[in-house]
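Novice: turn this into a structure:
(2 chains, ligands or ions: 3)
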Amino acid sequence: MMRLPTFSYCAPDTAEEIAHILAEEGPAAQIVAGGTDLYPNMKRRQVEPKTVVSLARARALRGIEWRDDGSLRLGTSEPLRALERDPRLQSTLPALHQSVLSISTPVLRNMGTIGGNLCLDTRCQYLNQNFEWRRTINHCLKCSGDTCWTAPGSPKCWAVNSSDSVPVMIAMGAKLLLQGAAGRREVTAAEFFDVTDGREWIRRQPDEVMTDIVIPSQEGTRSVYLKLRRRDAYDFPVLGVAARITMDGDLVSDARIVLNAVGPAPVRCTEAEQALIGYRLNAETIGEAGNLSRRGAKPLDNTDYMPNYRKKMVPVFVRRALAALA
Amino acid sequence: MTKRKIQMMLSVNGEDHDVSFLPHRTLLEVLREDMQLTGTKHGCELGECGTCTVLVDGEPALSCLVLGLECAGKDIQTVEGLGTAGGPHPLQKRFAELNAAQCGYCTPGILMAAQSILTKDPTPDRETLREELAGNLCRCTGYLRIYEAIEMAAEDMQHGS
Ligand SMILES: Cc1cc2nc3c(=O)[nH]c(=O)nc-3n(C[C@H](O)[C@H](O)[C@H](O)COP(=O)(O)OP(=O)(O)OC[C@H]3O[C@@H](n4cnc5c(N)ncnc54)[C@H](O)[C@@H]3O)c2cc1C
Ligand code: FES
Ligand code: FES
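Specialist: Numbering: from 1, shown residues only, chains lettered A, B, ... in the order given. Ligands and ions are numbered 1, 2, ... in the order given. Have a look, this model is predicted:
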């Protein structure tokens, strides 16, 4: 049996209490929402928290609320299935809907939450293995070893951000609210995932719990999410592309193209975006944006599929995404 | 906060059970090892195979990734509650008739997932079944008989047989 290591457990009623316990326990505590990422990682002994702090009883972390200004507030412990079934989300935020539908399986989406998906631990072929397997390679930089086996000369960990919803949240300009022991703060999704090392995949302080996600009104924009994976039934992405276009008449007035699952952090394709702004969205501009998108992505050999293939697929998927919005 | 054994009531298949276990025990371990309800199978134990599927308050959940203690006050349904040898559930009857279970390892999980699909949608089409059962792996049957058995059971249940 793959058993969980032992831990103490608590399920506070409020975000403030959660933050206080996290502050007291420090990094020895782990937040659990749906547990569909944390528990497998604990069973493989990648993470061994002394205390597990569950969000299950904190009611303020629930809710899908549409506001008058067209923005959407999501409680972080809302299960993915609830998002998937929200008719307004499906019609007004298609990219988010597509990304949520592409996560794991229906049963896992009953359990897994949107907050857990945003905070999903980074993944790597040298990491997501059981303890015995990892021992034979003397462990890795992210988990009690001193070498990153993906890039042995590198001082950094190259585990991959494999969340499907992260690139969409960045493309949509989502804001994230965090509760810490000293108070609340707000960050943009772009800032929260602006990291360079797979060991620190989100810019969260140890005492912070993410409470809300606020997605501004997407009126006047078109968006899409595409995902490359081996099996369509379910699989983590080995490339995720979120694209959002705003048009002013026939011309593109704003463009956002965000890749994920190509490294420890999502990648914004700024050059490709700039090449679109002020132009029509046609075969020529889409082709050019595709070519430029290749620059930011440097997938390494630590996920399914060969890195060269994944890199070649970046412009292909960016072109497909833009074509879907044209 | 507790690292000691917890004593609690667990409602399984409509009956309350007095159980005591450590906080890190999964629902799967509590069912199989503390309550000897071994109908629920364990496969990958990492959320990848679906054989451990049970219903928690009517919704399918992977018991290998749910803590036992989080099920206090919830209604757990396992395959033991689905039917009996003498009075099988229409799903079990059709699975047996069609050989939709070969080695049978995936069967309890698929039966529970199928039961929850049918309560929400009594006449699911093939695409719905394929989607909803995406996380329930079967390495023997090739799935076709499983889908057919569920469709036939759905019909039986519509006609009240
Ligand atoms: C078989 C399988 C397939 C999967 N496929 C995919 C896939 O295709 N795409 C994908 O994106 N994911 C996939 N997942 C991963 C996972 O199921 C989802 O990402 C899910 O949304 C995680 O949510 P959770 O609530 O279960 O997270 P948890 O496991 O509870 O938490 C995940 C991480 O986030 C932290 N956390 C959770 N909530 C908060 C919060 N509010 N504030 C701060 N930190 C928090 C936890 O401490 C933990 O580190 C898969 C998992 C499995 C087992
Ligand atoms: S044993 Fe739970 S999903 Fe495989
Ligand atoms: S019958 Fe053998 S795994 Fe499904």
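Novice: which residues touch residue A:157?
Specialist: Contact criterion CB atoms under 8 Å, 6 or more residues apart in numbering or on different chains gives A:122, A:124, A:140-142, A:148, A:197-199, A:264 as the residues in contact with residue A:157. The way it works is simple: take the backbone N, C-alpha and C, and place the C-beta from them, glycine included.
Novice: how close does the nearest residue to it once chain neighbours are set aside get to residue A:56?
Specialist: Among residues not flanking residue A:157 along the chain, residue A:198 sits closest, at 3.9 Å (CB to CB, 6 or more residues apart in numbering or on different chains). Taking CB to CB, to the nearest Å as the measure, residue A:198 and residue A:56 are separated by 28 Å.
Novice: same check on residue A:73?
Specialist: Using CB to CB, one gets 20 Å for the distance from residue A:73 to residue A:56.
Novice: list the contacts of the residue nearest to residue A:157.
Specialist: Going by CB under 8 Å, 6+ apart, residue A:198 touches A:122, A:124, A:142, A:156-161, A:264.
Novice: so which strand or helix has it?
Specialist: Under the criterion of DSSP states H and E, residue A:198 resides outside all helices and strands.
Novice: per-residue confidence for it?
Specialist: The pLDDT attached to residue A:198 in the predicted structure is 98.
Novice: measure it to chain B for me?
Specialist: Taking CB to the nearest CB, to the nearest Å as the criterion, residue A:198 is separated from chain B by 20 Å.
Novice: what sits against the residue in the stretch 101-250 of chain A that ligand 3 sits nearest to?
Specialist: Among the residues of the stretch 101-250 of chain A, residue A:233 lies closest to ligand 3, at 15.0 Å counting by CB to the nearest ligand atom. Residues in contact with residue A:233, defined by CB under 8 Å, 6+ apart, are A:105, B:134-135.
Novice: how about these in a markdown table, adding neighbour count, secondary structure and distance to ligand 2?
Specialist: Compiled in a markdown table, the contacts of residue A:233 are given as follows (neighbours: other CB atoms under 10 Å in any protein chain shown; DSSP: H, G, I helix; E, B strand; the rest coil; distance: CB to the nearest ligand atom, whole Å):
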| residue | neighbour count | secondary structure | distance to ligand 2 |
| --- | --- | --- | --- |
| A:105 | 25 | coil | 9 |
| B:134 | 18 | coil | 12 |
| B:135 | 22 | coil | 7 |
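Novice: I'd like the residues you listed as CSV, with pLDDT and distance to residue B:9 appended.
Specialist: Putting the contacts of residue A:233 into CSV (pLDDT from 0 to 100; distance: CB to CB, whole Å) gives the following:
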residue, pLDDT, distance to residue B:9
A:105, 98, 30
B:134, 97, 34
B:135, 97, 29
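Novice: residue B:144: which of those is nearest?
Specialist: Looking at the contacts of residue A:233 and their distance to residue B:144, the nearest is residue B:134, at 15.3 Å (CB to CB).
Novice: thought residue A:103 was touching that closest one, still the case?
Specialist: No - using CB atoms under 8 Å, residue B:134 makes no contact with residue A:103, being 11.4 Å away.
Novice: what does chain B have sitting close to ligand 2?
Specialist: Within chain B, the residues that sit near ligand 2 (CB under 6 Å from any ligand atom) are B:42-45, B:47-52, B:62, B:64.
Novice: out of the residues you listed, which are inside strands?
Specialist: Among the residues of chain B next to ligand 2, DSSP state E puts residue B:62 in strands.
Novice: and the residues of chain B next to ligand 2, which are buried?
Specialist: The neighbour-count test (16 or more other CB atoms under 10 Å in any protein chain shown) marks B:42-45, B:47-52, B:62, B:64 as buried among these.
Novice: SS state for the residue nearest to residue A:27 when sequence neighbours are not counted?
Specialist: Leaving aside its chain neighbours, residue A:27 sits nearest to residue A:206 (5.1 Å; criterion: CB to CB, 6+ apart). Per DSSP: H, G, I helix; E, B strand; the rest coil, the secondary structure class of residue A:206 is coil.
Novice: test my guess that residue A:206 contacts residue A:30.
Specialist: No - counting by CB under 8 Å, no contact exists between residue A:206 and residue A:30, whose distance comes to 10.1 Å.
Novice: between those two, which has more neighbouring residues?
Specialist: Applying other CB atoms under 10 Å in any protein chain shown to residue A:206 and residue A:30 shows that residue A:30 carries more neighbours, namely 20 against 13.
Novice: surely the more buried one forms part of a strand?
Specialist: Yes - remark: residue A:30 belongs to a strand, assigned using three-state DSSP.
Novice: which residues touch the nearest residue to it once chain neighbours are set aside?
Specialist: Excluding the flanking residues, the one nearest residue A:30 by CB to CB, 6+ apart is residue A:49, at 3.8 Å. Residue A:49 makes contacts with A:7, A:28-30, A:42, as judged by CB under 8 Å, 6+ apart.
Novice: burial check on the nearest residue to residue B:45 once chain neighbours are set aside, number of neighbours?
Specialist: If you skip the residues right next to it in sequence, residue B:45 has residue A:2 as its closest partner in space, 3.9 Å away by CB to CB, 6+ apart. Applying other CB under 10 Å, we find 17 residues neighbouring residue A:2.
Novice: could you pull out the strands for chain B?
Specialist: Assigned strands in chain B, in chain order: B:6-12, B:15-21, B:53-56, B:59-62, B:75-77 (criterion: DSSP E).
Novice: returning to what we had before: in CSV: the residues of chain B next to ligand 2, plus pLDDT.
Specialist: Formatted as CSV, the entries for the residues of chain B next to ligand 2 read as follows, by pLDDT from 0 to 100:
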residue, pLDDT
B:42, 97
B:43, 97
B:44, 97
B:45, 97
B:47, 98
B:48, 97
B:49, 98
B:50, 98
B:51, 98
B:52, 98
B:62, 98
B:64, 98
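Novice: could you restrict the residues of chain B next to ligand 2 to the ones contacting ligand 1?
Specialist: Restricting these to contacts with ligand 1 (CB under 6 Å from any ligand atom) yields B:47-48.
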